[in-house]
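Asks: let's see this in three dimensions:
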Amino acid sequence: MKKLFYILISFICLAQVNAQTYSVEAIADTNSILIGEQINISLKTTYTVNEGAISIGFPTLYDTINQYVEIVNKTKIDTLIPNKEEPYTFLQEQIITVTSFDSGYYAIPPFLFVVNNDTIASEPILIEVQTMPVDTAQAIFDIKGIIDEPFSITDWLKDNWWWLVAILVLAIVIIWVIKYLKNRKPEEIIEEVVPQIPEHIIALEKLEKIKEEKLWQEGKVKLYHSHISEILREYIENRYQVNALEETTSEILHGLRLQNISPELMNKLTQTLTLADLVKFAKEQPLANENEMSIGAAIEFVNTTKLIITESKDAN
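Replies: Modelled structure (predicted):
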């Protein structure tokens, strides 16, 4: 019995490992530059998801990599789907631009990715920074001195006349404002108090409107799932203070991992958002029951996680 138990556990672990495969890499477009030139380094992570969700964390980047190599620019993380057949392969990429102002050979250490709470390191990158060639056979000359030019008030007015115009216009505006404030009658200010509508009510109203429009029944499947995903992301951002409108599906699920949400509800949310991504990026054509399940799962998620305010202002 113990052997059968261990064999069963091994099969389960093997299935979970095979369900998700991933790789990380850092690639430079060149390894040799002159002082002040720039190198683009592509940070990539590729992962295949058969079931469940995967959490990808890109390296934390600062202004410098070390005392010799500086980061000039970094792009946002872009998500692509190079393989549009099951199992779907996702590619996330970020480009960073680096430079150096000291000649020599410098090693850029491995970039650290966090995949499902595991730290994965890329390969290090070696770059060469060369100096400009100097012809030592030629004589070295001093920098020429500053040439003095005669200065007149006419020259100053030609270069700065707009300052005088701006000061004159500003003085006229100030005088007009002072006169207006002195002569105007005080008006009674009535503040209109607009009650704040709870996030779940807004989300449910939008979801009900999606059901009434019958988008997928009219062939607008992509628009139908895009609306559901956008409504859920907006609700999650307002409800849990997660930057859901700007994050990928895996980043949203990673941000909700510490919230008090049941695994069953999280699984339905994962299926709904992932299906919306597949319809949007991979041109997936869901079945009719899958379309109905997406709107139903979205409504259930909002109803189950809505913030209830009691009369004593305590949030449940």
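
Asks: go ahead and confirm I35 touches I127.
Replies: No - applying CB atoms under 8 Å as the test, I35 and I127 come out as separate, 11.9 Å apart. C-beta here means a position set from N, CA and C on the backbone, and glycine is covered the same way.

Asks: these two - which one has more neighbours?
Replies: Between I35 and I127, counting by other CB atoms under 10 Å, I127 is the more crowded of the two (20 against 13).

Asks: that one is in what secondary structure piece?
Replies: Assigned by DSSP states H and E, I127 falls within strand 125-130.

Asks: could you point out the helix or strand that follows the helix or strand containing V177?
Replies: Secondary structure from DSSP H and E places V177 in helix 153-183. Counting by DSSP H and E, the next helix or strand C-terminal to helix 153-183 is helix 199-213.

Asks: hang on, isn't A107 packed against L126?
Replies: Yes - using CB under 8 Å, A107 makes contact with L126 at a distance of 5.3 Å.

Asks: intersection of neighbour lists for I35 and I127?
Replies: Any residue near both I35 and I127 by CB atoms under 8 Å, 6 or more residues apart in numbering counts here, and that gives S100.

Asks: run through the residues that contact V129.
Replies: Residues 33-35, 68, 100, 102-106 are the ones in contact with V129 under the rule CB under 8 Å, 6+ apart.

Asks: dig out what it forms beta bridges with.
Replies: Per DSSP bridges, the residues bridged to V129 are I33, G104.

Asks: please report how far it lies from I27.
Replies: 19 Å (CB to CB, to the nearest Å).

Asks: got it, and D63?
Replies: Counting by CB to CB, the gap from D63 to I27 is 22 Å.

Asks: the two: which is more packed in?
Replies: Shown here are D63 and I27; by other CB under 10 Å, I27 has more neighbours (13 against 7).

Asks: name the element the nearest residue to that one once chain neighbours are set aside belongs to?
Replies: Of all residues not flanking I27 in the chain, S42 sits nearest, at 4.8 Å (CB to CB, 6 or more residues apart in numbering). Using DSSP H and E, S42 sits within strand 38-49.

Asks: what lines up beside that strand in the sheet?
Replies: Partners of strand 38-49 in its sheet, by DSSP bridges: strand 20-28 (antiparallel), strand 88-100 (antiparallel).
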